[in-house]
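*Asks:* With the sequence up front, the predicted model follows.
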Amino acid sequence: MDIAILGPLAVRSRGGEAAPTAPKPRQLLALLAARVDEVISMDLLIDELWETRPPSSAVTTVQTYIGQLRRALTQSLQVSPSEVAADVLQFTGWGYRLTAGEGTHDAQAFLRCAELGRDSLAAGANDQASVLLRRALRIWRGPALAGVRLGPHLLAHRTHLEAHRLAAVEQRVEADLRLGHHHELIGELSGLVLQYPLHENLHSLFMISLYRAGRPAQALDVFHKIRNYLRKELGIDPSPRMRHLQQAILAADPRLEAETQSRLFRLELDLPSGAPSEVRTDPSGLPTEMAAGRRRVLGPPFAQG
């Protein structure tokens with residue numbers, strides 16, 4: 001059985017599609033598919049479907065939906081109803097578990113491939129990192145769980161997946177910049193900074209791309225725009241690292257130029273004495289590799305002198 005959640009929900013096998021079109025059974029299957037091979041408690045299923053206002057018949061209704069899903073899976077997998085109940089969509093005594101068996105799961109494949117790409121980037125294998133991260137991103141067919149009503153648990157899962165997708169995009173851009181593709185990245189990054197107007201590292205990558213393409217004035221304009229936006233929306237200034245990147249561009253620091261070495265983004269630019277040693281963290285809880293990506297691009301802080 002093949003499961004796909006990076007786009008419209010799809011659960012299919014040789015007998016065809018098993019995902020129902022009715023909203024609540026589809027939402028129930030989406031949660032089981034998103035957390036495949038995990039036992040999902042009845043309480044959590046009810047919370048996902050009705051949140052704080054479940055009907056008095058909630059348990060019976062969930063059991064009815066499970067029966068519908070089992071019949072659809074029986075037809076899709078072309079096995080007996082007893083096999084589906086015992087091996088595919090099981091009741092464990094306190095919840096239900098969907099088992100994929102030997103099939104594929106697109107979110108798991110994406111996360112594995114993205115991790116390999118991240119490891120390659122950290123090792124300086126930039127060509128390999130770019131290929132792996134592109135391959136991971138091609139698995140996506142649209143917004144995660146598109147067309148599914150999202151309760152609190154599915155919404156949290158989609159947010160988690162979208163954060164990993166953005167991290168993979170950021171790391172792939174960094175790999176391509178290390179490979180000297182700054183001209184080709186300008187169009188993509190111009191769209192990304194519009195989509196994520198508060199994302200400092202994407203703006204930093206955009207500034208570096210523009211500077212290396214011989215457009216320092218536009219690189220500085222990117223800095224001014226995010227500074228104004230941060231002040232207007234959050235009442236803060238850009239991080240010390242981003243301000244230091246601005247100063248490096250103003251000074252035409254040679255360490256900003258593209259190099260052939262795999263560690264070309266280690267810009268050992270001194271921070272003023274007493275400046276914070278860490279970049280601000282994202283309160284939304286984005287994956288830690290995004291913060292690590294920022295450190296790889298702008299380098300670790302160094303004491304003055």
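*Replies:* That came through, no problem. Predicted model only: the values in this text are computed from it and were never measured. Numbering: from 1, shown residues only.

*Asks:* Okay, now the unreliable bits of this protein?
*Replies:* By pLDDT under 70, the weakly predicted segments of the chain are 259-305.

*Asks:* Give me the nearest residue to Trp94, chain neighbours excluded.
*Replies:* Spatial nearest neighbour of Trp94, chain neighbours left out: Ser41 (5.8 Å); criterion: CB to CB, 6 or more residues apart in numbering. Glycine gets a C-beta too; all of them are placed from N, C-alpha and C.

*Asks:* what about the helices in the stretch 151-300 of the chain?
*Replies:* According to DSSP state H, counting those that start in this stretch, the stretch 151-300 of the chain carries its helices in the segments 152-178, 182-195, 200-212, 216-234, 240-250, 288-298.

*Asks:* Leaving out sequence neighbours, find the closest residue to Leu132.
*Replies:* Gly117 (3.5 Å).

*Asks:* Now for Ser209: which residues touch it?
*Replies:* 177, 182-183, 185-186, 189 (CB atoms under 8 Å, 6 or more residues apart in numbering).

*Asks:* and the gap between it and Leu9?
*Replies:* Ser209 is 36 Å from Leu9, where distance means CB to CB, to the nearest Å.

*Asks:* Show me how far stretch 172-191 is from its chain's centre.
*Replies:* 18 Å (CA atoms, centre = their mean, to the nearest Å).

*Asks:* If you could redo that for stretch 162-176, that was the one I meant.
*Replies:* Per CA atoms, centre = their mean, the displacement of stretch 162-176 from the mean C-alpha position of its chain is 8 Å.

*Asks:* what comes into contact with stretch 133-151?
*Replies:* Stretch 133-151 is contacted from outside by 4-9, 23-24, 26-27, 30-31, 34, 47-51, 106-107, 109-110, 113-114, 117-118, 121, 154, 157-158, 161-162, 165, 168-169, 171-172, 175, using CB under 8 Å, 6+ apart.

*Asks:* Buried ones only from these, please, as a PyMOL command.
*Replies:* This is how PyMOL selects the buried members of the contacts of stretch 133-151, with burial counted by 16 or more other CB atoms under 10 Å:
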select buried, resi 4+5+6+7+9+24+26+27+30+31+34+47+48+49+106+107+110+113+114+117+118+121+154+157+158+161+165+168+169+171+172+175
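
*Asks:* Keep only those of the contacts of stretch 133-151 that are in helices.
*Replies:* 23-24, 26-27, 30-31, 34, 47-50, 106-107, 109-110, 113-114, 117-118, 121, 154, 157-158, 161-162, 165, 168-169, 171-172, 175 (DSSP state H).

*Asks:* re the thing from before, now the helices of the stretch 151-300 of the chain as CSV including distance to Arg71?
*Replies:* CSV is the format used below for the helices of the stretch 151-300 of the chain (distance: least, CB to CB, whole Å):
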stretch, distance to Arg71
helix 152-178, 23
helix 182-195, 42
helix 200-212, 46
helix 216-234, 50
helix 240-250, 56
helix 288-298, 42
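
*Asks:* Please identify the most buried of those.
*Replies:* helix 200-212 (a mean of 25; mean count of other CB atoms under 10 Å).

*Asks:* centre of the chain versus that one, how much separation?
*Replies:* When C-alpha coordinates are averaged (CA atoms, centre = their mean), helix 200-212 and its chain have centres 20 Å apart.

*Asks:* Also stretch 27-44?
*Replies:* Distance, centroid of stretch 27-44 to centroid of chain: 21 Å (CA atoms, centre = their mean).

*Asks:* what's the answer for stretch 234-249, then?
*Replies:* Distance, centroid of stretch 234-249 to centroid of chain: 25 Å (CA atoms, centre = their mean).

*Asks:* what's the answer for stretch 225-245, then?
*Replies:* 24 Å.

*Asks:* what about it, start to end distance?
*Replies:* 15 Å (CA to CA, to the nearest Å).

*Asks:* Any chance you could give me stretch 1-14 in PDB, C-alpha atoms only?
*Replies:* Extracted in PDB, the C-alpha atoms of stretch 1-14 (Å, rounded to 0.1, in the frame of the first residue of the first chain):
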ATOM      1  CA  MET A   1       0.000   0.000   0.000                       C
ATOM      2  CA  ASP A   2       1.400   3.400  -1.000                       C
ATOM      3  CA  ILE A   3       0.600   6.400   1.100                       C
ATOM      4  CA  ALA A   4       1.000  10.000  -0.100                       C
ATOM      5  CA  ILE A   5       0.400  13.100   2.000                       C
ATOM      6  CA  LEU A   6       2.800  15.700   0.400                       C
ATOM      7  CA  GLY A   7       0.000  17.000  -1.700                       C
ATOM      8  CA  PRO A   8      -3.600  15.700  -1.900                       C
ATOM      9  CA  LEU A   9      -4.100  12.600   0.300                       C
ATOM     10  CA  ALA A  10      -3.700   9.300  -1.600                       C
ATOM     11  CA  VAL A  11      -3.800   5.800  -0.200                       C
ATOM     12  CA  ARG A  12      -3.700   3.200  -3.000                       C
ATOM     13  CA  SER A  13      -2.800  -0.300  -3.900                       C
ATOM     14  CA  ARG A  14      -3.300  -2.500  -6.900                       C
END
